[in-house]
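A.B. asks: Need the 3D shape of this:
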Amino acid sequence: MNYKQPTQLQAAILDWAGTVVDFGSFAPTQIFVEAFGEFGVEVSLEEARGPMGMGKWDHIRTLCDLPAVAERYRAKFDRTPTDADVTAIYERFMPLQIAKIGLHSALIPGALDAIAALREKGLKIGTCSGYPAVVMAKVVELARHNGYVPDHVVATDEVPNGRPYPAQSLANVIALGISDVAACVKVDDTWPGILEGRSAGMWTVALTCSGNALGMTYEQYKNTPQDKLDQERIRIGRMLEGSRPHYLIDTIADLPAVIDDINARLLRGEVPQNT
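C.D. replies: Numbers count the residues shown, from 1 in each chain. I've put the predicted structure just below:
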C-alpha cells in the first residue's frame, strides 16, 4: 500500500482565548497579575502576556524566571521563587481564574460564521488551550450557551507536555480520526500555540489582532486608526516570526479564505512540513 498525500483539509484545531472567545485574551492575563499581587509581588499586564499560550503552571514558572520579577520576589521574600512557590501562586491563580472566566467569555465577532463555513467545507473542529481541564469545563459550558460546540477539547493537563509541545494537537488528531497531520490546520494567537502546530506537522495560522499580542478589546480594535493597526501588524508579525506561521490574519473571521488557499496548495502537492 502506497502513501497518498491528503488533497484537502480534514480538521481545524482552534485555540480558545484570543482565537474564538475573549477578544484581546484578557481572562488569563489579568488573573496572573492578581495572583502575583496576592503574594505582594507586582507583575505588569505586559509581563503577564509574554509567555501566553503555555500551560498555566509553566506560564507562572516563566514569569518567575524573568529577572525583574525574580528580583521583586527576592525583595519580598529574601529568596528567588522555587517550584513550590510557583505551585503556591498557581493554586491561588486557579480559583481566581474559575471565578472570573465568565467576565471574558464572549465569542469573537465572526467566529460562529467562520466555524460554520469550515464545517461546510468538511472540516472537523478540534480545540486545545493553555487552560487546565477544571477551567476548560467552565469555558466550554459558557461557549455552548453562546452557540459554539466543537467536536473535541483537549486541556493542557490532559497530555504529558503542553505547548509548545505538539501533544494537544496530536490528541485532537487521534480523537477526531484524522488520517494525516498534513490535513490539519492549527489556529492560534500565541507563539507557543503556533510552535505546537508546527511541531505536530500541521498548517498554522496566527491571529494578529484578536489575541494576546495586540491586547485590545474589540471596541478598541475597531476604533484604532488603520495606520496604527498596520504598524501593530508588522510588530506582531516580527514577534511571531520565529514560530514560522504559514499565514497571518487579523481574526478568525478571515479564516475561511485561508482554508480555501490551503486546500488549493494541498491539491498541488504541497505539505506544511516543507513550507
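
A.B. asks: quick one, helices of the stretch 151-275 of the chain?
C.D. replies: Per DSSP state H, counting those that start in this stretch, the stretch 151-275 of the chain carries helices over the ranges 167-176, 191-199, 218-222, 226-240, 255-267.

A.B. asks: Quick one: mean pLDDT over the shortest one.
C.D. replies: Mean pLDDT, computed over helix 218-222, is 97.

A.B. asks: now that helix, how far from the centre of its chain.
C.D. replies: Taking C-alpha atoms, centre = their mean, to the nearest Å, one finds helix 218-222 lying 20 Å from the centre of the chain it belongs to.

A.B. asks: Repeat that for the first one.
C.D. replies: Averaging C-alpha coordinates over helix 167-176 and over its chain gives two centres that are 15 Å apart (C-alpha atoms, centre = their mean).

A.B. asks: Name the residues of that helix that are buried.
C.D. replies: Across helix 167-176, burial judged by 16 or more other C-beta atoms under 10 Å covers 167, 168, 169, 170, 171, 172, 173, 176. In this view, the C-beta of every residue, glycine as well, is placed from N, C-alpha and C.

A.B. asks: tell me what it is packed against?
C.D. replies: Judged by 3 or more C-beta pairs under 8 Å, 6 or more residues apart in numbering; DSSP states H and E, helix 167-176 is in contact with strand 11-14, strand 124-128, strand 152-154, strand 184-188, helix 191-199.

A.B. asks: Redo those as CSV? Include distance to residue 36, mean pLDDT and mean neighbour count.
C.D. replies: Below are the helices and strands packed on helix 167-176 laid out as CSV (distance: least, C-beta to C-beta, whole Å; pLDDT from 0 to 100; neighbours: other C-beta atoms under 10 Å):
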stretch, distance to residue 36, mean pLDDT, mean neighbour count
strand 11-14, 29, 99, 29
strand 124-128, 25, 99, 24
strand 152-154, 27, 99, 21
strand 184-188, 25, 99, 30
helix 191-199, 20, 97, 26
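
A.B. asks: Same list, the ones you listed, but as JSON lines with distance to residue 237 please.
C.D. replies: What follows is the helices and strands packed on helix 167-176, written out as JSON lines (distance: least, C-beta to C-beta, whole Å):
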{"stretch": "strand 11-14", "distance to residue 237": "21"}
{"stretch": "strand 124-128", "distance to residue 237": "23"}
{"stretch": "strand 152-154", "distance to residue 237": "28"}
{"stretch": "strand 184-188", "distance to residue 237": "14"}
{"stretch": "helix 191-199", "distance to residue 237": "12"}
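
A.B. asks: Nearest to residue 3 among these would be which one?
C.D. replies: Closest approach to residue 3 among the helices and strands packed on helix 167-176 (C-beta to C-beta): strand 184-188, 16.6 Å.

A.B. asks: Output that closest one as CSV, restricted to C-alpha atoms.
C.D. replies: What follows is strand 184-188, C-alpha atoms only, in CSV (Å, rounded to 0.1, in the frame of the first residue of the first chain):
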residue,chain,number,x,y,z
CYS,A,184,-4.9,19.7,9.7
VAL,A,185,-4.6,23.4,10.4
LYS,A,186,-3.7,24.9,13.8
VAL,A,187,-5.1,28.3,14.5
ASP,A,188,-3.7,30.3,17.5
